[in-house]
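K.L.:
curious how this folds, go ahead:
(chains A and B)
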Amino acid sequence: MSGRSHAASRLVVAAPYLWLLLFFLAPFAIVLRMALSDADTALPPYAPHFEGFATLREFLGKLDLENFRLLADDALYWDSYLQSLRLAGLTTLIALAIGYPLAYAMAAAPRHWRPVLLVLVVLPFWTSFLIRVYAWIGILRPDGLLDIVLGGLGLTDEPLRLLNTEAAVLIGMVYSYLPFMVLPLYAMLEKLDRSLLEAAADLGATPVTAFLTVTLPLSLPGILAGAALVFIPSVGEFVIPDLLGGPDTVMIGKVLWNEFFSNRDWPLASAVAIVLLVVLVLPLALLQRARQGREAQP
Amino acid sequence: MRRLGPGLILALVAGFAFLYLPILALVAYSFNASRLVTVWGGFSTHWYGALLSNQPLLDAAWLSIRLAFVSATLATALGTMAALALARHGRFRGRMLFSGMVLAPLVMPEVITGLSLLLLFVAVDVERGFWTVTIAHATFGLGFACIVVQARLAGFDSSLEEAARDLGATPLVTFATVTLPLIWPAVAAAWMLAFTLSLDDLVIASFTTGPGATTLPMRLYSAIRLGVSPEINAACTLMIGAVALAVIAASLLLKRRQAVGG
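P.N.:
Coordinates of the predicted model:
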């Protein structure tokens, strides 16, 4: 192999590798360092500044866990983490309740329908996130579409006032992340061997028993993957609670945003980010396991 | 062929109604003659005309398109390389770290990606604007591009490439004459995905941009915060139309792969 061609195949690994080291890994090191710094009124608004290796010891001496202590002591942060986890958990459950029947029906549909159904599920995911949230503002706001329809049917007398409530945030998150739930479920259910269900029926199982003892356990990896894919981005969500939520919807992504942009407390925002990452380690590990499980299957 | 029972048909209809009715309502109200979103004042394309005279919005759209074009190209080039590295280079040092870094941006909360990249840009003291957002979006799109191309690479075995190499082709020639012709539909689809993701992003762009580089989602976001208006509906409808065309084109491209390779 000539020297030049060898260099070409090395470049294939080296170029994306260096890019990711520089623009993905290095930034995380900086977030960690920032979380250990103190807010300052200088520009950029934090201290200490790194001034070369000669003062490295002094620099390290000024880093401390002050921001994390602040997070632990203030009920606001605890509440926002807990509320984020609760809303993300509820979102995951509702998305599963809506997504499972949908994925099941897609997998049971005639073979030539399936590619079309798949594109129909993916299409809303491609439209702008902001647009999808905006669509729900038009529906949920007082005298919005939902009030018009329900009022027209004579079901309600006065506006429901759903916008700027927790319910609106849940609706927005389920709507935005539903495709993430449906796709892995569908992939799992489509591969399912139907003869197993026939065998269960032959052995006297009712359709419900067959579903509970055959289909459900076999689709469990899909459920886990879908749940992780919905749960993880929901926990850190900013746009949806900001636009659909009210003043009492304090999710952690919004707290981070406000600490950074409104309070200009970069070190505290970084500490919030670090804690958010730690919270997400468990679901991330779950997702990794679900992915490996899928690869291990023939 | 099995037939769908009424329960399953209901699940399909209800599921797709939930996914599509909000978007259809948004599109319908963009053609409303009345400024009041609650009153139907007849069909009109008035708000599309109003868009054309909204210069800040047009500027932001043009900026977003240029930005998405450059960042998608970068993301696709790097993502294709990463896919080749993962699918064809077997074991190399740091493979675990590499595949972790490729996939992590896919699930990372956007606020964290945005914050971390901004802190990097501040630390190296570069002027923030078009290029910092482009780098951020390329990093974010790389993982998505890699997954799409990797799936295609896994779809055909490497014996064709080996044959070319046995016949004396350099890796570069092999890639250009054998690999690329086989994977190009996936590369094109990856580019479109990266383009759309960039066009759509609000959070990462808000963190990494500077004065003078306001993207379309940032403009839309501040308009939406002020309230609902048919003009926003018209802008959204145009974006939905563009995305729908792109997705249909992409799925046709990927469908071809089954006819060509497979």
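K.L.:
so which bits of the helix or strand harbouring residue B:49 are buried?
P.N.:
In this assignment (DSSP states H and E), residue B:49 forms part of helix B:46-52. For helix B:46-52, the buried set under the neighbour-count rule, 16 or more other CB atoms under 10 Å in any protein chain shown, comprises B:46, B:47, B:48, B:51. All C-beta atoms are positioned from the backbone trio N, CA, C, and that covers glycine.
K.L.:
for stretch A:35-54, same thing?
P.N.:
Applying 16+ other CB under 10 Å to stretch A:35-54 flags A:35, A:36, A:37, A:39, A:46, A:48 as buried.
K.L.:
in the stretch 101-250 of chain A, which residue sits nearest chain B?
P.N.:
Using CB to the nearest CB, the single residue of the stretch 101-250 of chain A nearest to chain B is residue A:236, 2.5 Å away.
K.L.:
which residues touch the residue of chain B found nearest chain A?
P.N.:
Nearest to chain A, among the residues of chain B, is residue B:109, at 2.5 Å (CB to the nearest CB). The contact partners of residue B:109, by CB atoms under 8 Å, 6 or more residues apart in numbering or on different chains, come to A:232, A:233, A:235, A:236, A:237, A:253, A:276, A:280.
K.L.:
go on, residue B:224?
P.N.:
Here residue B:224 is in contact with A:130, A:133, A:134, A:137, A:243, B:232 (CB under 8 Å, 6+ apart).
K.L.:
mind checking which of those residues land in helices?
P.N.:
Those of those mapping onto helices are A:130, A:133, A:134, A:137, A:243, B:232, per DSSP state H.
K.L.:
so which of these is the closest to residue A:200?
P.N.:
residue A:133 (42.9 Å; CB to CB).
K.L.:
separation between that closest one and residue A:169?
P.N.:
10 Å (CB to CB, to the nearest Å).
K.L.:
what do these two both touch?
P.N.:
A:240, A:244.
K.L.:
more crowded one of the two?
P.N.:
Using other CB atoms under 10 Å in any protein chain shown as the criterion, residue A:133 and residue A:169 rank with residue A:169 on top: 26 against 23.
K.L.:
where's the more buried one relative to residue A:140, distance?
P.N.:
10 Å.
K.L.:
and what of residue B:21?
P.N.:
13 Å.
K.L.:
same question for residue B:151.
P.N.:
As for residue B:151, its distance to residue A:140 is 38 Å (criterion: CB to CB).
K.L.:
all helices of chain B, in order?
P.N.:
Listed in chain order, the helices of chain B (DSSP H) span B:6-30, B:46-52, B:55-88, B:95-107, B:110-123, B:130-155, B:159-166, B:171-174, B:180-200, B:203-208, B:216-226, B:230-260.
K.L.:
quick one: mean pLDDT for the longest one?
P.N.:
The average pLDDT within helix B:55-88 is 93.
K.L.:
try stretch A:248-258
P.N.:
Rounded mean pLDDT across stretch A:248-258 is 89.
K.L.:
what residues does that stretch touch?
P.N.:
Taking CB under 8 Å, 6+ apart as the rule, stretch A:248-258 contacts A:76-77, A:79-81, A:83-84, A:87, A:164-166, A:169, A:235-238, A:241-242, A:245, A:269, A:272-273, A:276, B:109, B:111-112, B:115.
K.L.:
would you mind writing the CA trace of that stretch as CSV?
P.N.:
The C-alpha coordinates for stretch A:248-258 follow below in CSV (Å, rounded to 0.1, in the frame of the first residue of the first chain):
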residue,chain,number,x,y,z
ASP,A,248,-45.6,27.1,38.0
THR,A,249,-44.1,24.8,35.3
VAL,A,250,-40.4,24.9,36.2
MET,A,251,-38.5,22.4,34.3
ILE,A,252,-34.8,22.0,34.5
GLY,A,253,-34.0,23.0,30.9
LYS,A,254,-35.8,26.3,31.5
VAL,A,255,-34.0,26.8,34.8
LEU,A,256,-30.6,26.3,33.0
TRP,A,257,-31.7,28.7,30.2
ASN,A,258,-32.8,31.4,32.7
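K.L.:
report how many residues lie close to residue 182.
P.N.:
No chain in the question, so chain A it is. 28.
K.L.:
try again with chain B
P.N.:
17.
K.L.:
that one against residue B:160, yeah?
P.N.:
Yes. Counting by CB atoms under 8 Å, residue B:160 is a contact partner of residue B:182 at 7.5 Å.
K.L.:
select the longest helix from chain A.
P.N.:
Max-length helix for chain A by DSSP H is helix A:75-108.
K.L.:
picking that back up, residues near the residue of the stretch 101-250 of chain A closest to chain B, how many?
P.N.:
26.
K.L.:
ok, now residue A:79?
P.N.:
Residue A:79, neighbours per other CB under 10 Å, totals 14.
K.L.:
helix or strand with the lowest mean pLDDT in the chain?
P.N.:
You didn't say which chain, so I picked chain A. Every helix and strand of chain A was ranked by mean pLDDT, DSSP states H and E. The lowest is helix A:56-61, at a mean of 74.
K.L.:
quick one: secondary structure of the most centrally placed residue in chain A?
P.N.:
In chain A, the residue lying closest to the centroid (CA atoms, centre = their mean) is residue A:233, at 1.2 Å. Following DSSP: H, G, I helix; E, B strand; the rest coil, the label given to residue A:233 is helix.
K.L.:
quick check: closest non-adjacent residue to the residue of the stretch 101-250 of chain A closest to chain B.
P.N.:
residue B:109 (2.5 Å; CB to CB, 6 or more residues apart in numbering or on different chains).
K.L.:
near chain B, which residues of the stretch 151-298 of chain A? Just list them.
P.N.:
By CB under 8 Å from any CB of the partner chain, the residues of the stretch 151-298 of chain A that approach chain B are A:175, A:178, A:182, A:228-229, A:232-233, A:235-239, A:243, A:253, A:256-257, A:260-261, A:266, A:269-270, A:273, A:276-277, A:280, A:284, A:287.
K.L.:
pretty sure residue B:16 contacts residue A:119?
P.N.:
No. When contacts are counted by CB under 8 Å, residue B:16 is not listed as touching residue A:119 (11.6 Å).
K.L.:
returning to what we had before: just flag the most distant two among the buried residues of helix B:46-52.
P.N.:
B:46 and B:51 (10.0 Å).
K.L.:
show me which residues of the stretch 51-200 of chain B sit near chain A.
P.N.:
Residues of the stretch 51-200 of chain B lying close to chain A by CB under 8 Å from any CB are B:78-79, B:81-82, B:84-85, B:89, B:92, B:94, B:98, B:101-102, B:104-105, B:107, B:109-112, B:115-117, B:119-120, B:122-123, B:135-136, B:138-139, B:142, B:146, B:170-172, B:196, B:199-200.
K.L.:
count the neighbours of residue A:83 for me.
P.N.:
With other CB under 10 Å as criterion, residue A:83 counts 20.
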